[in-house]
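A.B. asks: Sequence plus the predicted model coming up.
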Amino acid sequence: MSLLEIKNLSVRFGDANAVPVVDGLDLTVERGEVLAIVGESGSGKSVTMMALMGLVDAPGIVRADALRFDGHDMLSLSKRQRRQVVGKDLAMIFQDPMTALNPSYTVGFQIEEVLRAHLGLSGRAARARALELLQKVEIPAAASRLDAYPHQLSGGMSQRVAIAMAIAAEPKLLIADEPTTALDVTIQAQIMELLLALQKDQDMGLILITHDLAVVAETAQRVCVMYAGQAVEVGHVPQLFDAPAHPYSEALLAAIPEHSEGAERLSTLPGIVPGRYDRPHGCLLSPRCPYVQENCRQHRPALDPKAQSLARCFYPRNQEVA
Amino acid sequence: MTTQAQPVAADQSLLYPSPLKEFWKAFARNKGAVAGLMFMIVVVFCALFAPWVAPFDPSEQFRDALLTPPSWAEGGQLQYLLGTDELGRDLLSRLIHGARLSLLIGLSSVVMSLIPGIFMGLIAGFFPRILGPSIMRLMDIMLALPSLLLAVAIVAILGAGLINTVIAIAVVSLPSYVRLTRAAVMGELNRDYVTAAKLAGASLPRLMFVTVLPNCLAPLIVQATLSFSSAILDAAALGFLGLGVQPPTPEWGTMLASARDYIERAWWVVSLPGLTILLSVLAINLMGDGLRDALDPKLKNAI
């Protein structure tokens, strides 16, 4: 059984007829697997994760056929039970390390808090474990950082502390929501390396939400491309990068600057993600797709198996079998 | 994992200054605030040890020395340093004992409005759908009434007296705390660390009081000091109107009121309590400004 199984998840804000922010999403993550979710801003990546953790508040409405994590049906859990499961076995790393730590408490206190709540450690044992965790995330002079407040740390160090907090209770699934976006390039590489080392070390499932396709290519085993709240293509990494079936995946890959070397301008996809009031009747990409047909404007394609991956397209690209 | 770094002897530059020290450094930069703090320390000292500091009992009447001018003025006597009032009571002793009452009123009314204010503000911030707006509209109604008038009305209903004065002042200053807390809470709720705490399984009371509240305290502390001074002013105003503390209890506002008939003959009976009120309010406000500079991260290091 998969570690995480999401079936037909939809999230709406407002009433039941509102345009879904996440629409019919299916996703699975195995133990020890790295799944990347890519897509432009507003495509529903973060909301999906919030829904998974039960953090979508009213007026948000979460519907799903199944939302199963490690054998628990997340939809039927009571608030109290969910707190037990989510806090311990599921952890998250946020985009902006500067706001991810509570400014009022020392780093050590915040890590110990997790240990106290979920592992029952206290006093000296908790402190020793907190120190161990800080060393594990390779913070220099870890012992003296335990008494530091978040504003006394740099961005990279704060992100390391946030990672230490996330892995403190040895979660089975770690969600990293653009963990390196707010950091500079050298630190980005270090943080990614650290995350992957920890992931291997503890055999965690890792969901990596990112804009950075280079990171995806290097780290993930599978990738899910999201567009306007839908998964448009799901596949294994080398295949999807070599032969994207969906025109949107193809456009994303073409937009990597290295792919346009020598060209006058970088390759782009014209237009913007459809908003709440201009969702097309047919395929959501149809107004922007360079290969659009009349059929695309009338009907919405389903996520079907194509040659290498699952894709939501009537006229998939790169289908000639190698 | 790479090899573990050798345990290094604690680097001096890595010993972080304690938050208290950092705060004091920022506070001490503001000279006016330090002056205000000094003055307030003197006032608090006088209030605490009034029976020993004051030369006479505040109610003792020296019938042979009615309306004696201060010692440095013509006709003044050295034993009555600041002169006596219309009943021959020593003015300095009354002012020192009055500090007790004024500080007590200030402190208790701040506490009585701060605690429910924080509580209501937290609830308003955490429940933005129904409970929040209803609390805020109630506060808007209270703000729509002139504060002194509202205080007078409350005292008129409850009756004059020390405790009722405190209640009236506390009720009047409640809305500012509620609004301040709610605004701070709403700002903090969007931050990732709150989501992280929710995710880690924090319960609602824990989220409210342990996670969010400490981060909202800075503006509240500043507001509390500033409304401390306005509480003293309000108490004096109520006392002046005869609605506050009743004579013969020495209270700065009441002293002003009972002395206003002698304003032309004996300036000191009116001026000195007035000056005391002015100076303490000024000192507290200066202190509040310094606190704001030291506690508000946006103004930090801006000088």
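C.D. replies: Sure, I can see it. As the structure is a computational prediction, the values presented were derived from the model and not from experiment.

A.B. asks: where exactly do the helices run in chain A?
C.D. replies: A:45-52, A:79-89, A:97-100, A:107-119, A:123-136, A:142-145, A:155-167, A:185-202, A:213-219, A:237-242, A:247-254, A:294-298 (DSSP state H).

A.B. asks: Now tabulate those in a markdown table and tack on mean neighbour count, mean pLDDT and distance to B:Gln79.
C.D. replies: Bear in mind the C-beta positions are built from the backbone N, C-alpha and C, glycine included. Formatted as a markdown table, these follow (neighbours: other C-beta atoms under 10 Å in any protein chain shown; pLDDT from 0 to 100; distance: least, C-beta to C-beta, whole Å):
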| stretch | mean neighbour count | mean pLDDT | distance to B:Gln79 |
| --- | --- | --- | --- |
| helix A:45-52 | 22 | 86 | 76 |
| helix A:79-89 | 17 | 78 | 71 |
| helix A:97-100 | 23 | 86 | 64 |
| helix A:107-119 | 21 | 88 | 58 |
| helix A:123-136 | 17 | 89 | 62 |
| helix A:142-145 | 20 | 85 | 61 |
| helix A:155-167 | 24 | 88 | 66 |
| helix A:185-202 | 16 | 86 | 74 |
| helix A:213-219 | 17 | 84 | 85 |
| helix A:237-242 | 17 | 84 | 95 |
| helix A:247-254 | 22 | 86 | 91 |
| helix A:294-298 | 14 | 85 | 102 |
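
A.B. asks: In JSON lines: these, plus distance to A:Lys7.
C.D. replies: Below are those laid out as JSON lines (distance: least, C-beta to C-beta, whole Å):
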{"stretch": "helix A:45-52", "distance to A:Lys7": "12"}
{"stretch": "helix A:79-89", "distance to A:Lys7": "18"}
{"stretch": "helix A:97-100", "distance to A:Lys7": "30"}
{"stretch": "helix A:107-119", "distance to A:Lys7": "28"}
{"stretch": "helix A:123-136", "distance to A:Lys7": "35"}
{"stretch": "helix A:142-145", "distance to A:Lys7": "42"}
{"stretch": "helix A:155-167", "distance to A:Lys7": "26"}
{"stretch": "helix A:185-202", "distance to A:Lys7": "25"}
{"stretch": "helix A:213-219", "distance to A:Lys7": "24"}
{"stretch": "helix A:237-242", "distance to A:Lys7": "22"}
{"stretch": "helix A:247-254", "distance to A:Lys7": "22"}
{"stretch": "helix A:294-298", "distance to A:Lys7": "26"}
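
A.B. asks: can you redo those helices as TSV with distance to chain B?
C.D. replies: Conversion of the helices of chain A to TSV gives the following (distance: least, C-beta to the nearest C-beta, whole Å):
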stretch	distance to chain B
helix A:45-52	8
helix A:79-89	3
helix A:97-100	4
helix A:107-119	6
helix A:123-136	6
helix A:142-145	4
helix A:155-167	7
helix A:185-202	6
helix A:213-219	17
helix A:237-242	24
helix A:247-254	26
helix A:294-298	38
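
A.B. asks: Now do the strands in the stretch 201-322 of chain A.
C.D. replies: Per DSSP state E, counting those that start in this stretch, the stretch 201-322 of chain A carries strands over the ranges A:205-210, A:222-227, A:230-236, A:304-305, A:310-311.

A.B. asks: would you list these in TSV and tack on mean neighbour count?
C.D. replies: Putting those into TSV (neighbours: other C-beta atoms under 10 Å in any protein chain shown) gives the following:
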stretch	mean neighbour count
strand A:205-210	25
strand A:222-227	26
strand A:230-236	24
strand A:304-305	12
strand A:310-311	24
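
A.B. asks: and B:Asp293, which of those is closest to it?
C.D. replies: Closest approach to B:Asp293 among the strands of the stretch 201-322 of chain A is made by strand A:205-210 (40.0 Å; C-beta to C-beta).

A.B. asks: hmm, back to that, can you tell which of the helices of chain A is closest to B:Pro116?
C.D. replies: So among the helices of chain A, helix A:79-89 is nearest, using C-beta to C-beta, at 27.4 Å.

A.B. asks: what packs against the closest one?
C.D. replies: On a contact count with 3 or more C-beta pairs under 8 Å, 6 or more residues apart in numbering or on different chains; DSSP states H and E, helix A:79-89 meets helix A:107-119.

A.B. asks: Which residues does the helix it packs on contact?
C.D. replies: A:87-88, A:101-102, A:105, A:121-122, A:126-127, A:129-131, A:133-134, A:145-150, A:153, A:161, A:164-165, A:168-169, B:200-201 (C-beta atoms under 8 Å, 6 or more residues apart in numbering or on different chains).

A.B. asks: how far does it sit from the chain's center?
C.D. replies: Put simply, helix A:107-119 sits 24 Å off its chain's centre (C-alpha atoms, centre = their mean, to the nearest Å).

A.B. asks: can you count the residues close to B:Ala50?
C.D. replies: Other residues near B:Ala50 come to 19 when the count uses other C-beta atoms under 10 Å in any protein chain shown.

A.B. asks: Would you state the predicted confidence (pLDDT) at the residue lying closest to A:Gly271 once chain neighbours are set aside?
C.D. replies: Spatial nearest neighbour of A:Gly271, excluding adjacent residues (C-beta to C-beta, 6 or more residues apart in numbering or on different chains): A:Arg288 at 4.0 Å. Per-residue confidence (pLDDT) for A:Arg288: 86.

A.B. asks: list the contacts for A:Arg288?
C.D. replies: Per C-beta under 8 Å, 6+ apart, neighbours of A:Arg288: A:Leu269, A:Pro270, A:Gly271.

A.B. asks: A:Ser104 contacts B:Val212, correct?
C.D. replies: No - using C-beta atoms under 8 Å as the test, A:Ser104 is too far from B:Val212 to be in contact (9.2 Å).

A.B. asks: and those two? which has more neighbours close in?
C.D. replies: A direct count of neighbours by other C-beta under 10 Å for A:Ser104 and B:Val212 places B:Val212 higher, at 26 against 19.

A.B. asks: Could you measure from the more buried one over to B:Val34?
C.D. replies: Remark: distance between B:Val212 and B:Val34 (C-beta to C-beta, to the nearest Å) = 32 Å.
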